[in-house]
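# fold the stuff below for me.
(chains A and B)
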Amino acid sequence: MKEMPVILMNVILVDNFVLAKFLGICPFLGVSKKLDSAVGMSVAVIFVMLISTAVTYPIYMYLLVPHGLSYLQTIAFILVIAALVQLVEIILKEYVPVLHRSLGVYLPLITTNCSVLGVTLLNIDEGYTYSQSLVNAFGAGLGFMLALVLFSGVRQRIERNDIPAAFKGIPSTLIAASVVSVSFMGFSGVVDGIFK
Amino acid sequence: MNKRNIVFNGIIKENPTLVLLLGTCPTLAVTTMAVNGIGMGFATMMVLICSNVAIALLKNIIPDKVRIPGYIVVIAGFVTIVGFLLKAYAPSLDKSLGIFIPLIVVNCIILGRAEMFASKNSVLDAALDGLGMGLGFTLALFLMGSIRELLGSGTWMGIVLTAKLIDPMTIFMLAPGGFFVFGCLVALINKLSKGRAIKKKEMGCSACPSAGTCGQLKEGGCH
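Predicted coordinates for the structure are as follows:
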């Protein structure tokens, strides 16, 4: 059993969802153009990751497994996530319009974001307990935020430079992502070193 | 559009990975070896053909308002079936693709094709479109996998080629190598198509497969 801080640091820095596990690349490339949209998207992702883990974990453990239905995992999880995202959007629109204005745009995009389905599936695969799963989901969201926010800074600088026409736009972004990803590789081993 | 054009459209002109830049997550994650690229490509192609056919058949039955959840259920069903087939007949491939098998559900290509093509065309056309797009995806993954395997471990499809002559650069097998090779490939496509491919991939709203669900298209873009 891993300790909570180890899980948290690991999933933020070492096994970063975007830069090491390649989950959620579409929003990473699509929404990292501006800092404020990067922050908005990440907050929405953290939120959805947490609630979908909170809901899918009990469904898997107490509904699917006892009835021998664990093969329905993928279908059940994606449906729950899609329904939850809709529900959250409706609730926010009705009761917290301020938050809906800033996050609302990003919520529907999250249903087809593989990092959310990925985190719920990984929690089951890794055999985490309920609290560990929640910590892992929160950390995965924070890692997503870190990658997006860092990268939006990098990207604003690239856009101003004179680069060959063929590399303009996505190719230069991908190569910059490669460099940022190298820097994250430097964190491997750090977590084990701190929490020995 | 005639039948041949539908198939070749997916392979070359609108290659989902290298031109439309959809499904980037599996493209980057599983292409450490050429074999994995082919495996992932075929698994996705199977799901794509089946879901395109099913959705083309159901297009008049699924109500417009709940079509996206409807499509997702259809796709998730086929993904589960393909996952079982892989577990039974190709357990080693299943292990190396890991979590990316269930994640085919959220692969933008499949939902995107369901929304943009299968829900508007006949069953045969939808099947051919699935075949073309699937082959395009498989080819792109195979290309990525070949480059990364050759540079990263000096082998190709498991055969030792340059490993004894040149020291393999392990970084190409790791995450940074994935981003780098993909970036270079996309740039190469831009160069070869003389800039025609660039226009399609600015990650604009219309290219985004969630555009149907998002509804921001009319309100002036999602950024």
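
# what about residue A:18, which helix or strand?
For residue A:18, there is no enclosing helix or strand under DSSP states H and E.

# what residues does it make contact with?
A:24, A:25, A:28, A:115, A:143, A:144, A:147, A:148 (CB atoms under 8 Å, 6 or more residues apart in numbering or on different chains). C-beta here means a position set from N, CA and C on the backbone, and glycine is covered the same way.

# recalculate using a threshold of 10 Å.
Residues counted as contacts of residue A:18 (CB atoms under 10 Å, 6 or more residues apart in numbering or on different chains) are A:24-25, A:27-29, A:32, A:115, A:140, A:143-148, A:150-151, A:177, A:180-181, A:184, B:25, B:175.

# and it, how close does it get to residue A:109?
Per CB to CB, to the nearest Å, residue A:18 is found 15 Å from residue A:109.

# kindly report the same for residue A:159.
22 Å.

# these two - which one has more neighbours?
More crowded of residue A:159 and residue A:109, by other CB atoms under 10 Å in any protein chain shown: residue A:109, with 24 against 12.

# what pLDDT does that one get?
On the pLDDT scale, residue A:109 is placed at 72.

# surely it touches residue A:30?
Yes - between residue A:109 and residue A:30 there is a contact under CB atoms under 10 Å: 8.4 Å.

# tell me who's in contact with residue 51.
Answering for chain A, as no chain was given. Counted by CB under 10 Å, 6+ apart, residue A:51 has contacts A:80, A:81, A:84, A:85, A:87, A:88, A:116, A:137.

# wait, chain B was what I had in mind.
B:71-72, B:74-79, B:104-105, B:110-111, B:113-114, B:118, B:126, B:130.

# how does it look with 6 Å?
Residue B:51 makes contact with B:74, B:75, B:78, B:110 under the criterion CB atoms under 6 Å, 6 or more residues apart in numbering or on different chains.

# one more: residue A:113?
Residues in contact with residue A:113, defined by CB under 6 Å, 6+ apart, are A:24, A:27.

# next up, phi/psi of it, please.
Phi and psi for residue A:113, reported as degrees, to the nearest 10, are phi -90, psi 120.

# now swap in residue B:155 and tell me
Per-residue torsions, residue B:155: phi -120, psi 170 (degrees, to the nearest 10).

# look up how far chain A lies from it.
22 Å (CB to the nearest CB, to the nearest Å).

# do the same with residue B:47
Residue B:47 is 11 Å from chain A, by CB to the nearest CB.

# confirm that that residue sits in a helix.
Yes - counting by DSSP: H, G, I helix; E, B strand; the rest coil, residue B:47 falls inside a helix.

# wouldn't it be in contact with residue B:77 here?
No - applying CB atoms under 6 Å, one finds residue B:47 not in contact with residue B:77, separated by 9.5 Å.

# more crowded one of these two?
Neighbours per residue (other CB under 10 Å) separate residue B:47 from residue B:77, with residue B:47 holding more: 28 against 18.

# so who does the more buried one touch?
B:78, B:79, B:82, B:104.

# the residue lying closest to it once chain neighbours are set aside: neighbouring residues, count only.
Once flanking residues are discounted, residue B:47 sits nearest to residue B:78: 4.7 Å by CB to CB, 6 or more residues apart in numbering or on different chains. When neighbours are counted by other CB under 10 Å, residue B:78 registers 20.

# how close does residue B:87 get to residue B:32?
With CB to CB as the criterion, residue B:87 and residue B:32 are 21 Å apart.

# which residues of chain B fall in strands?
Assignment of strands within chain B using DSSP state E yields the ranges B:155-156, B:159-160.

# pLDDT weak spots in chain B?
B:1, B:163, B:195-223 (pLDDT under 70).

# about what we covered before: now for residue B:47 and residue B:77: what residues contact both?
By CB under 6 Å, 6+ apart, no residue touches both residue B:47 and residue B:77.

# pull the longest helix from the chain.
This is for chain A. helix A:130-159 (DSSP state H).

# oops, chain B please
Assigned via DSSP H, chain B shows its longest helix as helix B:123-153.

# now do the buried residues in that helix.
B:125-153 (16 or more other CB atoms under 10 Å in any protein chain shown).

# list the buried ones in stretch B:98-115?
B:100-115.

# elements contacting the helix or strand where residue A:6 lies?
Following DSSP H and E, one finds residue A:6 within helix A:4-9. Contacts defined by 3 or more CB pairs under 6 Å, 6 or more residues apart in numbering or on different chains; DSSP states H and E place helix A:4-9 against helix A:130-159.

# is the helix it packs on positioned near chain B?
No - residues of helix A:130-159 contacting chain B under CB under 6 Å from any CB of the partner chain: none, with a closest distance of 11.1 Å.

# can you map out the helices along chain A?
Using DSSP H, helices in chain A cover A:4-9, A:25-30, A:35-58, A:73-95, A:97-103, A:107-110, A:114-125, A:130-159, A:170-185, A:190-194.

# got these as a markdown table, with distance to residue B:18 columns?
Below are the helices of chain A laid out as a markdown table (distance: least, CB to CB, whole Å):
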| stretch | distance to residue B:18 |
| --- | --- |
| helix A:4-9 | 36 |
| helix A:25-30 | 14 |
| helix A:35-58 | 25 |
| helix A:73-95 | 27 |
| helix A:97-103 | 33 |
| helix A:107-110 | 23 |
| helix A:114-125 | 19 |
| helix A:130-159 | 21 |
| helix A:170-185 | 10 |
| helix A:190-194 | 36 |
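
# indicate which one of the ones you listed is closest to residue B:13.
helix A:170-185 (17.9 Å; CB to CB).

# quick check: residue B:162 touching residue B:154?
Yes - the criterion here is CB under 6 Å, and residue B:162 meets it with residue B:154 at 4.5 Å.

# the two: who's more crowded?
Comparing residue B:162 with residue B:154 by neighbour count (other CB under 10 Å), the higher total belongs to residue B:154, at 17 against 14.

# what is the burial count for residue A:181?
Neighbours of residue A:181 using other CB under 10 Å come to 25.

# repeat that for residue B:61.
Residues near residue B:61, counting by other CB under 10 Å: 7.
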